[in-house]
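> Need coordinates for the following:
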Amino acid sequence: TLRSDWIELLACPTCLGSLALRDESSREIVRGALRCVACAVDYAIEDGIVDFAPSFEPDSPTDALKLSEMRLRDAEATEYESLFIPLRSEAEIAAARDALSPRREDLVLELGIGPARVARRYGPQVGRILGVDLSWRSLQVARERLMALRVDACLVRADICRLPVRAGVCNKALAAQVLQHLPSAHDLRASLDETARVVERGGLFVATVYHLSLPKRIRGFLRADEVSDREGLHSDGQVYYQNFSRREFRSLLAERFDPIDVRGIVMQMGPGMHRANRLTRTLETALQRTAIARWGSHLLLGVARNR
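Have a look, this model is predicted:
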């Protein structure tokens with residue numbers, strides 16, 4: 001639930017000015033509004049979630065893609081995790097959690113937190129989570145799940161290209177399969193600029209993205225996979241995506257951060273190896289340590305420090 005100490009870390013996404021709670025009645029705020037002192041704009045609070053979502057232009061190609069994905073994420077919020085291949089999801093979460101190295105003193109910014117697919121796996125080990133997403137229904141599900149785990153989380157509906165957060169307040173940030181869905185180079189770089197602004201100097205940034213691997217290139221040539229092209233649309237044309245090579249992803253991170261590691265994770269094993277069990281977990285872990293992961297993985301994991 002939103003509290004007054006969380007409000008001190010938030011800012012107007014337009015001017016980055018201070019916010020004041022209207023009609024403050026209790027320490028924990030379930031509904032109400034925050035007002036930008038400078039802009040005199042109100043941002044609604046419902047179910048303890050602050051709505052900073054911008055007004056999108058349907059005639060704008062990039063805004064139209066963001067709206068399309070937002071509506072899909074709203075519709076599938078409760079069953080979102082079931083859409084993932086179990087072994088792939090588990091392997092990604094384990095790798096991201098290890099790279100994040102969660103500690104009780106951490107304040108983690110999670111971009112595209114969704115229904116807490118990853119957050120509920122590291123949340124109990126950190127002090128606080130500031131979760132951002134455009135899908136209102138996903139944030140509601142995330143709130144329920146994180147509250148059940150007694151995770152101290154502030155959830156806001158906002159565009160990650162315009163974060164409603166003060167500069168330097170988080171010491172770590174995570175973006176799990178989020179950057180690949182930003183529909184323009186401008187948005188991609190804006191999200192990294194904003195993340196660098198919000199994370200303290202020397203803070204950690206962990207991200208996973210689709211990997212333009214050799215198996216995907218082959219399947220793309222054969223037209224045998226929905227997400228095997230360098231870029232395109234999946235989910236019946238509702239979600240934009242792009243695949244990155246290791247060099248491209250490292251170069252992108254290096255524009256605003258100091259990369260520590262960029263490596264392949266989540267191996268592309270056959271359909272019979274998709275169940276998460278002792279054998280597949282052992283094989284996944286072993287393959288990630290070999291050169292095969294450089295060209296054969298489904299995802300890339302990037303780890304970087306803020307300058």
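> Who is residue 42 paired with across the strands?
Beta bridges link residue 42 to residue 35 when assigned by DSSP bridges.
> can you pull the contacts of it?
22, 33-36 (CB atoms under 8 Å, 6 or more residues apart in numbering). Every residue, glycine included, has its C-beta placed from N, CA and C.
> What is the end-to-end distance of stretch 127-144?
18 Å (CA to CA, to the nearest Å).
> Can you point out the buried residues in it?
Neighbour counts over stretch 127-144 (16 or more other CB atoms under 10 Å) mark 128-143 as buried.
> Sketch out the strands for the stretch 101-250 of the chain, chain order is fine.
Ranges of strands in the stretch 101-250 of the chain, per DSSP state E, counting those that start in this stretch, are 107-111, 128-133, 153-157, 170-176, 199-210, 231-234, 239-242.
> Please enumerate residues in contact with the third one?
Identification of contacts with strand 153-157 by CB under 8 Å, 6+ apart yields 2-3, 6, 9-10, 48-53, 113, 119, 123, 128-136, 139, 142-143, 146-147, 164.
> switch the cut-off to 7 Å
2, 6, 49-53, 123, 128-134, 136, 139, 142-143, 146, 164 (CB atoms under 7 Å, 6 or more residues apart in numbering).
> repeat for the longest one
Applying CB under 7 Å, 6+ apart, the set of residues contacting strand 199-210 from outside is 92, 96, 99-100, 109, 168, 170-177, 179-180, 195, 227, 241-244, 249, 257, 299-307.
> quick one: it to strand 170-176, angle?
When axes from the mean of the first three to the mean of the last three CA atoms, to 10 degrees is applied, the directions of strand 199-210 and strand 170-176 differ by 10 degrees.
> For strand 199-210, buried residues please.
Quick answer for strand 199-210 (16+ other CB under 10 Å): 199, 203-210.
> Is residue 66 within a helix or a strand, and which one?
Residue 66 is part of helix 61-75 when elements are defined by DSSP states H and E.
> what angle do that helix and strand 128-133 make?
120 degrees.
> quick one: contacts of helix 61-75?
56-58, 114, 134-138, 181, 183-184, 187, 235, 238-240.
> Give the buried subset of those as a ChimeraX selection command.
Typed into ChimeraX, the next command selects the buried ones out of the contacts of helix 61-75 (criterion: 16+ other CB under 10 Å):
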select :56,114,134,135,136,137,138,181,183,184,187,235,238,239,240
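> Report how many residues lie close to residue 217.
When neighbours are counted by other CB atoms under 10 Å, residue 217 registers 16.
> Quick check: closest non-adjacent residue to it.
Excluding the flanking residues, the one nearest residue 217 by CB to CB, 6 or more residues apart in numbering is residue 228, at 7.3 Å.
> What's the separation between residue 159 and residue 211?
25 Å (CB to CB, to the nearest Å).
> of these two, who's got more company?
Set side by side, residue 159 and residue 211 show more neighbours around residue 211, with 28 against 23, by other CB under 10 Å.
> which residues touch the more buried one?
Contacts of residue 211 by CB under 7 Å, 6+ apart are 243-244, 264, 297-300.
> JSON lines for the residues you listed, including secondary structure and pLDDT?
Formatted as JSON lines, those follow (DSSP: H, G, I helix; E, B strand; the rest coil; pLDDT from 0 to 100):
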{"residue": "243", "secondary structure": "coil", "pLDDT": "95"}
{"residue": "244", "secondary structure": "strand", "pLDDT": "96"}
{"residue": "264", "secondary structure": "strand", "pLDDT": "91"}
{"residue": "297", "secondary structure": "strand", "pLDDT": "85"}
{"residue": "298", "secondary structure": "strand", "pLDDT": "88"}
{"residue": "299", "secondary structure": "strand", "pLDDT": "93"}
{"residue": "300", "secondary structure": "strand", "pLDDT": "95"}
